[in-house]
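Trainee: please find the sequence and the predicted model below.
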Protein chains: 2
Amino acid sequence: MPLFVNAVFCQNCSKKQNLFQFLTDEETNYINEHRHEVKFNRGETIFKQGGALTHIACVTTGFAKVYIEGVNKKNLLLKILRPTEMLAGPGMFNDFRHYYSVNAISDVTACFIEVEAIMEVVKQNSVFSIEFIKWVNQRGIRYFEKLINLTQKQMPGRIADVLIYLSKEVYENDKFTVNISRQDIADLAAMSKESAIRVIKEFKVSKVIKCEGNDFEILDFPALQKVSQTG
Amino acid sequence: MPLFVNAVFCQNCSKKQNLFQFLTDEETNYINEHRHEVKFNRGETIFKQGGALTHIACVTTGFAKVYIEGVNKKNLLLKILRPTEMLAGPGMFNDFRHYYSVNAISDVTACFIEVEAIMEVVKQNSVFSIEFIKWVNQRGIRYFEKLINLTQKQMPGRIADVLIYLSKEVYENDKFTVNISRQDIADLAAMSKESAIRVIKEFKVSKVIKCEGNDFEILDFPALQKVSQTG
DNA sequence: AAATAAGATTGATAAATGTCAAGTAAGTTA
DNA sequence: TAACTTACTTGACATTTATCAATCTTATTT
């Protein structure tokens, strides 16, 4: 009996990336033959910056944080990955190394697909290749936003952005319980954890949010948006 | 006689992007039929953020600055474009809008190619599509570097990065004369122009660089690199 | 050449942010 | 339960950075 049992075939996988809907049955089978599923415990490293990029990954269950290991042991947290999101860093088609690290912030199941297989279907299927470029460019747009948010806004604006991001895109609820630390929140907003804590407290006393430990609730969304925009 | 005369055909163009070497003669001809050359005067806008992305552009002569128009009228300068560099922003294959503005900092000649034509060859030519993804990912790696440089380094480190960038990648010389303003340098380093001027002066008095007006010279490159790394 | 305008520089000051140290809370191990 | 570890929080303080105003330089116009 094999150590890893693939629960499903790509063909009828409910956790499939949108991207893969553009493949033919044959291509889907091909991908299926070049993938395997891995389970990670919370805290474990999924990708390590600098390591070889031999596979791309799709998170099927659980959450993970994607971060760049920068200077002076500081991390910049790029995003929180959710189920059905794909990991295919910019090292692809270049030096095939990881330009960020990925760490499970809950137990995680992920499908690993060999990059060679992805390259093969990019070559074969022109619709897929267009959609792949689209996906990469969408990510590029996000980096632009992050660049502006982090370099042109002051701390309250940056924390407002993080709270909006967590509420709207990660936990999809006004009320949410984070599975990331205060340090992670600080790394999302590119500031010290003490500063992050202080700004969060300010939002708390001004009744913009409610926050007890890891439980957050957005009370005044328009106010948050305003802070985000004014910087 | 037409208003714009195409000086050359893509086929034997000496200013051709590396990317286009992967096209067949037929595809090159196809691109040639869907391109036109435009001359810009210094200071003129080549692409405007928010505008429709109908063409990609290749700079054949002159320099241009690429910048995001951010919050509170602040700009973030992404890069200085040189001859033979290509402009194909992340709006491509998405909403087909420009996510940055591009402005000529000298007289500029540029080839404009219809995006539809590019999409067509991406679809037709799998080598080209791989190379195109490679190109987009290279840009992504640059954004990562920029994100780290701008969010995790203090002003001396950021200005050091800018000086290294200008010397090594833009003007390709230890000695160079910039055709950008102090404000532009500040926008490259995400700080106020006064701060940029002060840091440049510090480098000057500590004999790391020589600087008279727009004439720069790197005197102690290792020192610059050290400042860049320590942040 | 004088007048004007735009950009560059400097100094003084205020605001923003990080660091350090101490203390608290909460969870984990013995 | 107690000891211990880890993360979180707070306050005091130092450092970094931006802002504002004045001056200087350089280029452009008249």
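Mentor: Arrived safely, thanks for sending.

Trainee: look at A:Ile105 and say how many residues are nearby.
Mentor: Using other Cβ atoms under 10 Å in any protein chain shown, A:Ile105 has 19 other residues around it. In short, each C-beta sits where N, CA and C put it, glycine included.

Trainee: now for it: which residues touch it?
Mentor: With contact taken as Cβ atoms under 8 Å, 6 or more residues apart in numbering or on different chains, A:Ile105 is in contact with A:42-43, A:62-65, A:80, A:179-180, A:184.

Trainee: mind pulling up the pLDDT for A:Lys74?
Mentor: A:Lys74 carries a pLDDT value of 95.

Trainee: typo on my end, it should be A:Lys123
Mentor: pLDDT recorded at A:Lys123 is 96.

Trainee: excluding its backbone neighbours, what's nearest it?
Mentor: Nearest non-adjacent residue to A:Lys123, counting by Cβ to Cβ, 6 or more residues apart in numbering or on different chains: B:Ser126, 3.9 Å away.

Trainee: which residues touch the one you found?
Mentor: A:122-124, A:126, A:129.

Trainee: which one (most neighbours) among those?
Mentor: Within the contacts of B:Ser126, neighbour counts (other Cβ under 10 Å) peak at A:Ser129, which reaches 23 neighbours.

Trainee: can you tell me the element that residue falls in?
Mentor: Using DSSP states H and E, A:Ser129 falls within helix A:126-152.

Trainee: next one: that helix to chain centre, how far?
Mentor: Mean-position distance between helix A:126-152 and its chain equals 13 Å (Cα atoms, centre = their mean, to the nearest Å).

Trainee: what's the angle from it to helix B:126-152?
Mentor: Relative orientation of helix A:126-152 versus helix B:126-152 (axes from the mean of the first three to the mean of the last three Cα atoms, to 10 degrees): 10 degrees.

Trainee: quick one: average pLDDT of helix A:126-152?
Mentor: Helix A:126-152 comes out at a mean pLDDT of 97.

Trainee: ok now stretch A:198-211, how far from the chain's centre?
Mentor: 26 Å.

Trainee: from the contacts of B:Ser126, which are also near DNA strand D?
Mentor: Among those, no residue lies close to DNA strand D (Cβ under 7 Å from any atom of the strand).

Trainee: the residue nearest the centre of chain A - nearest residue in space that isn't next to it in sequence?
Mentor: Centroid-nearest residue in chain A, with Cα atoms, centre = their mean: A:Leu81, separated by 3.0 Å. Closest residue to A:Leu81 apart from its sequence neighbours, by Cβ to Cβ, 6+ apart: A:Ala64 at 4.4 Å.

Trainee: and the one you found, how many neighbours?
Mentor: A:Ala64: 28 surrounding residues under other Cβ under 10 Å.

Trainee: what bridges to it?
Mentor: In this structure, A:Ala64 bridges to A:Leu81, A:Ala104 when assessed by DSSP bridges.

Trainee: so it makes contact with A:Leu77?
Mentor: No: between A:Ala64 and A:Leu77 there is no contact under Cβ atoms under 8 Å: 11.0 Å.

Trainee: show me the contacts for A:Ile180.
Mentor: A:65, A:80, A:105.

Trainee: let me see the domain layout of chain A.
Mentor: A:10-149, A:153-230 (automatic domain parsing).

Trainee: mind putting those in CSV, distance to DNA strand C included?
Mentor: Converted to CSV, these look like this (distance: least, Cβ to the nearest atom of the strand, whole Å):
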stretch, distance to DNA strand C
domain A:10-149, 8
domain A:153-230, 3
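
Trainee: adding distance to B:Thr54, write these out as TSV.
Mentor: Putting the domains of chain A into TSV (distance: least, Cβ to Cβ, whole Å) gives the following:
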stretch	distance to B:Thr54
domain A:10-149	16
domain A:153-230	29
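
Trainee: can you show me the helices along chain A?
Mentor: A:25-33, A:115-124, A:126-152, A:155-165, A:182-189, A:193-205, A:221-230 (DSSP state H).
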